[in-house]
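Participant: Just need the structure, nothing else, for what follows:
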Amino acid sequence: MADERAAGPPGQLDLRIDQPHTARVYDYFLGGKTHYDVDRKAGDQVIAIWPGVLAAARANRTFMRRAARVLAAEYGIGQFLDIGTGIPTEPNLHQVVQEENPRARVLYVDNDPIVLAHARALMNSSPEGRTAYLHADVTEPESILRSAELARTLDLSRPVALSVVGLLHFVPDESDAYGLMEQFTAELPPGSALVVSHATGDFDAEAMEKVAQVYKSSITRTQLRSKEELTRFFRGFDVVEPGIEVPHRWRPEAKDGVHIGGELDVVDDAAVGVWVGVAVKP
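Facilitator: I've put the predicted structure just below:
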């Protein structure tokens with residue numbers, strides 16, 4: 001029987017609708033409805049500089065689904081820890097993996113109160129599996145790893161797939177992004193996996209730096225990283241084929257095409273400006 005719970009701060013939620021938030025701006029890029037005027041204004045600033053962000057957001061989301069499906073179907077992983085979950089957009093990760101393994105368990109983690117407000121959509125588990133939501137921040141690993149919610153949902157003695165999709169470019173070096181990730185991956189047993197996507201300036205450094213400045217000035221701290229810098233997050237893991245790639249070229253499937261305006265676009269690598277990778281712990 002599914003054990004569907006949400007853990008978060010008590011009392012009335014402060015959705016902070018007077019300032020843009022990464023999850024809501026991302027929802028705007030994806031064509032969702034869970035965002036506010038302040039988020040649209042910030043998003044439009046980004047679009048003006050980087051029109052490819054719309055393709056990047058969709059490619060990033062479909063990469064997450066493909067990676068989850070591969071790990072569940074080909075690697076037999078039945079537990080997923082998704083940090084930086086974002087606003088629910090179907091199909092969500094648990095729907096993808098429970099289609100492959102109805103007993104799969106997923107713990108979603110995010111620090112945006114609006115995600116907590118929509119957490120019920122993330123906990124519509126299969127009867128055999130389990131999903132849960134934890135309101136917490138990636139910069140405080142102990143609050144996640146030692147949480148009662150994680151203990152109830154996941155078994156860290158068995159392989160777990162850790163997903164940090166579209167998150168680490170919001171964790172700059174001064175917050176010790178590599179050290180934080182090492183705290184998480186050190187807890188994962190052999191056979192576990194790491195899924196990462198990250199914005200980069202490798203294709204168009206000038207435009208992406210301007211985008212980073214928009215985020216820094218109005219949304220949140222941001223740091224672009226190169227392909228080499230992204231690879232450092234996989235230290236101690238074996239990167240699976242096709243290696244570090246742009247999202248739309250990571251094991252593409254026709255049903256996961258990137259759609260804009262209802263039509264399948266031919267996606268340009270430079271327009272997307274994102275690196276992705278999946279790796280397994282030996």
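Participant: Which positions within the helix or strand residue 97 falls within qualify as buried?
Facilitator: Using DSSP states H and E, residue 97 sits within helix 93-100. If you call a residue buried by 16 or more other C-beta atoms under 10 Å, then helix 93-100 has these buried ones: 93-98, 100. C-betas here are computed from N, CA, C, even on glycine.
Participant: what about residue 140, neighbour count?
Facilitator: Neighbour count for residue 140, taken as other C-beta atoms under 10 Å: 12.
Participant: Give the next helix or strand downstream of the helix holding residue 97.
Facilitator: strand 105-110.
Participant: outside of the helix holding residue 97, which residues touch it?
Facilitator: Residues outside helix 93-100 that contact it (C-beta atoms under 8 Å, 6 or more residues apart in numbering) are 64-65, 68-69, 71-73, 78, 80, 82, 85, 104, 106, 108, 122, 124-126, 129, 131, 163.
Participant: likewise stretch 49-57?
Facilitator: With contact meaning C-beta under 8 Å, 6+ apart, stretch 49-57 is reached by 26, 29-30, 46-47, 199, 204, 207-208, 210-211, 214, 247, 258, 260, 265, 267-268, 270-274.
Participant: Show the buried residues in those.
Facilitator: Buried positions within the contacts of stretch 49-57, assessed by neighbour count (16+ other C-beta under 10 Å), are 26, 29-30, 46-47, 199, 204, 207-208, 211, 214, 247, 258, 265, 267, 271-274.
Participant: CA atoms only: put the longest helix anywhere in the chain into PDB for me.
Facilitator: Longest helix of the chain, by residue count under DSSP state H: helix 53-73. What follows is helix 53-73, C-alpha atoms only, in PDB (Å, rounded to 0.1, in the frame of the first residue of the first chain):
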ATOM      1  CA  VAL A  53      15.700  28.600 -23.000                       C
ATOM      2  CA  LEU A  54      12.200  27.300 -24.000                       C
ATOM      3  CA  ALA A  55      13.800  24.400 -25.900                       C
ATOM      4  CA  ALA A  56      16.300  23.900 -23.100                       C
ATOM      5  CA  ALA A  57      13.500  23.700 -20.400                       C
ATOM      6  CA  ARG A  58      11.600  21.000 -22.400                       C
ATOM      7  CA  ALA A  59      14.700  19.100 -23.400                       C
ATOM      8  CA  ASN A  60      15.800  19.100 -19.700                       C
ATOM      9  CA  ARG A  61      12.500  17.800 -18.600                       C
ATOM     10  CA  THR A  62      12.300  15.000 -21.100                       C
ATOM     11  CA  PHE A  63      15.900  14.100 -20.300                       C
ATOM     12  CA  MET A  64      14.900  13.500 -16.700                       C
ATOM     13  CA  ARG A  65      12.100  11.200 -17.800                       C
ATOM     14  CA  ARG A  66      14.400   9.200 -20.100                       C
ATOM     15  CA  ALA A  67      17.100   8.900 -17.500                       C
ATOM     16  CA  ALA A  68      14.600   7.700 -14.900                       C
ATOM     17  CA  ARG A  69      13.200   5.200 -17.300                       C
ATOM     18  CA  VAL A  70      16.600   3.800 -18.200                       C
ATOM     19  CA  LEU A  71      17.600   3.500 -14.600                       C
ATOM     20  CA  ALA A  72      14.400   1.700 -13.700                       C
ATOM     21  CA  ALA A  73      14.200  -0.500 -16.700                       C
END
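Participant: Between strand 105-110 and that helix, find me the angle.
Facilitator: Between helix 53-73 and strand 105-110, the angle comes out at 150 degrees (axes from the mean of the first three to the mean of the last three C-alpha atoms, to 10 degrees).
Participant: List the buried residues for helix 53-73?
Facilitator: Under 16+ other C-beta under 10 Å, the buried positions of helix 53-73 are 53-72.
Participant: would you list every one of the helices in the stretch 101-250 of the chain?
Facilitator: With helices called from DSSP state H, counting those that start in this stretch, the stretch 101-250 of the chain shows them at 113-117, 119-122, 141-145, 148-153, 177-186, 205-218, 227-231.
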